[in-house]
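J.: After the sequence you'll find the predicted model.
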Amino acid sequence: MKERFILIDKRIFRQTEFYLLGIIAVLSFFLTLINPKFLTLENWFDLLRSNVFLGIVALGELVVLISGGIDVSFTATATIAQYIMGLIISTYYIDNVLIAFLIPIPIGIALGAINGVLVHYTRVHPVIITISTLNVFFGFLMFLSGGKWLYNFPPSFRNFARVQAFSLTNPKGGEYGFSIFILFWIGLAILTWVILKYLPIGRKIYAIGGNREAARRAGFNLFRIQLFVYCFMGALAGIASFVHAELNQMIQPNSLVGRELDVLAAAILGGASVFGGAGSALGVFLGVCLIAIIKNGLILMRAPAYWHEVIMGAIIVGAAAINAYQRKLKAKREGEIIAQ
């Protein structure tokens, strides 16, 4: 029994999530010393609400990275899905938030399918394919829209942005609440976790990310798996585009493109390996929370805006280096077990 406890204990210390929780706790402690309001529920609810878009698309990026791929076109996918949705509901004045929610999802899936087909059949590295589709998708949107902003949406769309799962009152009598969009994020995180851990497609995604050739020889349909991965990314980009439009109550064709670095940082920081075959929904959720805390801390310290990009780049390099080191240690342990 004691040996089993020690084994479990060691396993916990090898988990990325354990260290992320520790870093979040330490940073939260120091930021609370700088500003006591940081650790209040009101601030945390606002922090989570502000990062729902980042959190949702990071879950899609996680699945792509686990499969051994990468997608940087999701911002263009989300922008197109968002713009078409806004154009439809404002032009035809569709006063039904459910229809508005459903419009961007198939658009995202269709654009994700284009990525999946191109990645599979061209055999070109996914980063090249998705950089290309990012520019193609975004370029077409800017050409057709002329950069025109969309606003003045129907009442149901505007009112839904204020929906809260529950409300609380702060010491000054002000009301704040737990946004419905945070529940969207948590629900999609649970869905992603279930797919990866319990469904056959999840095990296949880990398999092709761990060893593509071995997965092919085992009889896995690589095309179907990759198509699912990029369509799933597209679907989440569509949902995230709806959330972003709700929170901002306006749609700008150029408001999302350029946020790819934050999403990649969150996914890799959360344990998703750039080599494929590793990562978890909980890790990515914590990775997004950590990035949100870091950015909030930089604002509290009044750091210049360019430091945000510097730190995001440093996070990606550091997290990727740690992933590579962990992969090397794992290979070494497996080699020692085989030798024995």
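T.: Alright, I've got the coordinates.

J.: Touching, residue 157 and residue 89? I think so.
T.: Yes - with the criterion set as C-beta atoms under 8 Å, residue 157 and residue 89 qualify as a contacting pair; they are 6.3 Å apart. Bear in mind the C-beta positions are built from the backbone N, C-alpha and C, glycine included.

J.: what residues do those two have in common as contacts?
T.: residue 100 (C-beta atoms under 8 Å, 6 or more residues apart in numbering).

J.: Show residues contacting stretch 99-116.
T.: Taking C-beta under 8 Å, 6+ apart as the criterion, the residues outside stretch 99-116 that touch it are 71, 73, 76-78, 80-82, 84-85, 88-89, 94, 126, 129-130, 133, 137, 156-157, 226-239, 241-242.

J.: Mind listing what's buried along stretch 204-222?
T.: 204-210, 212, 215, 220 (16 or more other C-beta atoms under 10 Å).

J.: Any idea how far it is from the middle of the chain?
T.: A distance of 24 Å separates the centroid of the chain from that of stretch 204-222, by C-alpha atoms, centre = their mean, to the nearest Å.

J.: picking up where we left off before, in helices only, show me the buried residues of stretch 204-222.
T.: Among the buried residues of stretch 204-222, the ones falling in helices (DSSP state H) are 204-210, 212, 215.

J.: Nearest to residue 251 among the residues you listed?
T.: Minimum distance to residue 251 across these is 32.1 Å, recorded for residue 205 (C-beta to C-beta).

J.: Could you list which residues are in contact with the closest residue to that closest one other than its chain neighbours?
T.: The shortest distance from residue 205 to any residue other than its chain neighbours is 4.9 Å, reached at residue 67 (C-beta to C-beta, 6 or more residues apart in numbering). Taking C-beta under 8 Å, 6+ apart, we find residue 67 in contact with 205, 208-209, 225-226, 229, 276.

J.: How much space separates residue 154 from residue 83?
T.: Summarising the geometry, the distance separating residue 154 from residue 83, computed by C-beta to C-beta, to the nearest Å, is 16 Å.

J.: For these two, indicate the residue with more neighbours.
T.: A side-by-side neighbour count of residue 154 and residue 83, using other C-beta atoms under 10 Å, places residue 83 first with 23 against 16.

J.: Could I get the pLDDT score of residue 263?
T.: The model reports residue 263 with a pLDDT of 91.

J.: again with residue 148
T.: Reading off the confidence values, residue 148 has pLDDT 93.

J.: now it, what's its secondary structure?
T.: coil (DSSP: H, G, I helix; E, B strand; the rest coil).

J.: and what of residue 166?
T.: Strictly by three-state DSSP, residue 166 counts as strand.

J.: What distance do you get for the residue nearest to residue 205 to residue 295?
T.: In this view, residue 67 and residue 295 are 28 Å apart by C-beta to C-beta.

J.: can you check residue 128 too?
T.: 29 Å.

J.: Likewise for residue 134?
T.: For residue 134, the distance to residue 295 equals 23 Å [C-beta to C-beta].

J.: circling back: columns distance to residue 143 and pLDDT on top of the ones in helices among the buried residues of stretch 204-222, output as CSV?
T.: Formatted as CSV, the entries for those read as follows, by distance: C-beta to C-beta, whole Å; pLDDT from 0 to 100:
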residue, distance to residue 143, pLDDT
204, 38, 95
205, 35, 96
206, 40, 95
207, 41, 93
208, 36, 94
209, 36, 92
210, 41, 87
212, 37, 89
215, 40, 91
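
J.: which among these gets closest to residue 308?
T.: Set against residue 308, the nearest of those by C-beta to C-beta is residue 209 (29.9 Å).

J.: can you tell me the helix or strand for the closest residue to the closest one other than its chain neighbours?
T.: Counting by C-beta to C-beta, 6+ apart, residue 209 lies nearest to residue 276, which is 3.0 Å off, once chain neighbours are set aside. Element membership of residue 276 [criterion: DSSP states H and E] is none; it lies in no helix or strand.

J.: Confirm for me that residue 192 is in contact with residue 64.
T.: No - in this structure, residue 192 sits apart from residue 64 without contact. The criterion is C-beta under 8 Å, and the distance is 11.6 Å.

J.: between those two, which one's more packed in?
T.: When neighbours are counted by other C-beta under 10 Å, residue 192 and residue 64 differ, and residue 64 comes out ahead with 30 against 24.

J.: Would you agree the more buried one is in contact with residue 230?
T.: Yes - distance between residue 64 and residue 230: 6.8 Å, which falls inside the contact criterion (C-beta under 8 Å).

J.: shared neighbours of these two, which are they?
T.: Between them, residue 64 and residue 230 share the contacting residues residue 71, judged by C-beta under 8 Å, 6+ apart.

J.: quick one: contacts for the residue nearest the centre of the chain?
T.: The C-alpha lying nearest the average C-alpha coordinate of the chain belongs to residue 58 (C-alpha atoms, centre = their mean; 1.0 Å). Contacts here follow C-beta under 8 Å, 6+ apart; on that basis residue 58 touches 263, 266-267, 270, 284, 287-288.
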